[in-house]
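Novice: 3D, please:
(one chain, ligands or ions: 1)
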Amino acid sequence: MTFAIPPATLASFPQDFVWGVATSAYQIEGAAAEDGKGPSIWDDFCRVPGAIADASDGRVACDHYHRLEEDLDLIASLGVDAYRFSVSWPRVQPTGAGAWNEQGVGFYDRLVDGLLARGIQPYLTLNHWDLPSALQAQGGWAARSTVQRFVDYACRMDRRLGDRVRAITTHNEPWVVATLGHETGVFAPGLKDRRSAVQAAHHLLLSHGLALQALRAQGCKAQLGLVLNLSPIGPATDRPDDAAAARLEDGRLVRWYMDPLFKGEYPADVLQHLGADAPQVHEGDLRAIATPMDFLGINYYTRGVVSARGDWDVTTSGHALTDMGWEVYPRGLTELLLRLHRDWQVPPLFVKENGAAFKDTLVGGRVHDAERTDYIARHIAAVGEALRQGVPMAGYMVWSLMDNFEWASGYAKRFGIVHVDYATLARTPKDSALWYREFLRQQRARRATASTEPVEV
Ligand code: FCB
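Specialist: Numbers count the residues shown, from 1 in each chain. Okay, here's the model as predicted:
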């Protein structure tokens, strides 16, 4: 099986396009209570009976905290330009306020230096969901006081690592934190209250904007931005009620974030729908949220199809489904990127996460994950197509470097291009990792010749 990307599509990737792999702290680090780390809301949530499908937690995860050097070599072996990781806030500041934990900071110091020593650009995310439990006790993201705590944390991290990291992302997927964490309650902190969810979303956006201002004011050298999970949302049928449901869902997932960030306002139709649950917005908040960014990150996995009469049956799509039950729909990524470029004044765009869970089997030291490779190749082609049509794309990162703790799904869902045996913690590159490495090798070769041989697009 080959996974060809059309040559014209390949040629549309600019020389400085950034190729990477991504992870997040809670999903891989383990060492959940070591070296002074404080508890996070995910440590707490994992103890709630029934919250995690396999009743697991992140106490050991991939044990990345203790296997840093090995994992850095693994990342380097792939030939990527960049590695996206997150900092566990309670590891560096156990209660989210006041005292700093030097041992925790030391870990990220070694991570960043280790990446640079191997020629890999560090892409740091400040909040990939593991909020210090002590801040949740004071209301978490639904409380306005958390905004200033986050800005302080961002500034302190910048003072320690900002001279060496290429980019700082404030938040990963505020929609997930707000909606899955506060409205449906399937993720930490497990609340089921729409009003808190909407207020949490506002505070996440506000803390993002204020952090950008504060970081720039102190001379931060890294590129600054935010990562959103976005999908094109369409109606299941051409019935007007399905169209209305799709429009509202697009409002809550896409426009609720894009409009304040790039137009300085919340979408009127969603505000009206929320009624009394609309957020408390102070004078100046929207101006702060619209602080210009250096990049916008997009995480894309699938499209959304919405029906007014309950969930759409994805199995009728005719497309392959991943082990998450998500439809494989690469065209949606091109559509989404074209729309972002058309409807908002966006900075350079990055795909900061894209990948798929499939049922893998490790046989004789190999994992033949052709479906995953196919998924990745087709989505890279979809990014190339957006580039060809003029969208300013700056990079693409595979989710994920290695199998890890997939939140409420526990360890059962494997997204890695590197297999992790949870009994021995051995890492084994899957066929998809070997493919990605070869693809990147060819990209580099193309770059090397491009200066003398212009490529026909
Ligand atoms: C995204 C998360 C990431 C991972 C993937 C599958 O929503 O950012 O941590 O769980 O989904």
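Novice: CA atoms for contacts and neighbours, from now on please.
Specialist: Noted.
Novice: Tell me where the protein has strands.
Specialist: For the chain, the strands defined by DSSP state E cover 18-22, 82-86, 121-127, 167-172, 223-229, 233-235, 295-299, 304-306, 349-353, 393-399, 418-420, 427-429.
Novice: Spatially nearest residue to residue 142, not counting backbone neighbours?
Specialist: Sequence neighbours aside, residue 200 is the residue nearest to residue 142 in space, at 4.2 Å (criterion: C-alpha to C-alpha, 6 or more residues apart in numbering).
Novice: quick one: the one you found and residue 42, what's the gap?
Specialist: 17 Å (C-alpha to C-alpha, to the nearest Å).
Novice: Who has more neighbours out of the two?
Specialist: residue 200 (28 against 23; other C-alpha atoms under 10 Å).
Novice: ok so, going back, let me have the strands of the chain in a markdown table, extended by distance to residue 67 and mean neighbour count.
Specialist: A markdown table is the format used below for those (distance: least, C-alpha to C-alpha, whole Å; neighbours: other C-alpha atoms under 10 Å):
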| stretch | distance to residue 67 | mean neighbour count |
| --- | --- | --- |
| strand 18-22 | 17 | 23 |
| strand 82-86 | 15 | 24 |
| strand 121-127 | 18 | 24 |
| strand 167-172 | 24 | 25 |
| strand 223-229 | 27 | 22 |
| strand 233-235 | 40 | 21 |
| strand 295-299 | 27 | 23 |
| strand 304-306 | 38 | 22 |
| strand 349-353 | 23 | 24 |
| strand 393-399 | 20 | 25 |
| strand 418-420 | 13 | 24 |
| strand 427-429 | 11 | 19 |
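Novice: do you know which of those lies nearest residue 11?
Specialist: strand 393-399 (13.4 Å; C-alpha to C-alpha).
Novice: Verify the contact between residue 12 and residue 384 for me.
Specialist: Yes - the criterion here is C-alpha atoms under 8 Å, and residue 12 meets it with residue 384 at 5.9 Å.
Novice: The two: which has the busier surroundings?
Specialist: Using other C-alpha under 10 Å as the criterion, residue 12 and residue 384 rank with residue 384 on top: 24 against 20.
Novice: what about this protein, any weak spots by pLDDT?
Specialist: 1, 450-457 (pLDDT under 70).
Novice: ok, residue 250 - contacts?
Specialist: Applying C-alpha atoms under 8 Å, 6 or more residues apart in numbering, one finds that residue 250 lies in contact with 232, 233.
Novice: measure it to residue 115 for me?
Specialist: Counting by C-alpha to C-alpha - residue 250 and residue 115 are separated by 38 Å.
Novice: likewise residue 334?
Specialist: In terms of C-alpha to C-alpha, residue 334 sits 31 Å off from residue 115.
Novice: Repeat that for residue 185.
Specialist: 36 Å.
Novice: same check, this time on residue 169
Specialist: 17 Å.
Novice: Would you tell me which helix is longest in the chain?
Specialist: helix 194-217 (DSSP state H).
Novice: how far is it from where the chain is centred?
Specialist: 17 Å (C-alpha atoms, centre = their mean, to the nearest Å).
Novice: now stretch 70-90
Specialist: 14 Å.
Novice: Show me what residue 83 is bridged to.
Specialist: residue 21, residue 122 (DSSP bridges).
Novice: what's near enough to touch it?
Specialist: Contacts of residue 83 by C-alpha under 8 Å, 6+ apart are 20, 21, 22, 75, 115, 120, 121, 122, 123.
Novice: so the fifth one sits right up against residue 72, yeah?
Specialist: Yes - here residue 115 reaches residue 72: they are 6.6 Å apart, a contact under C-alpha under 8 Å.
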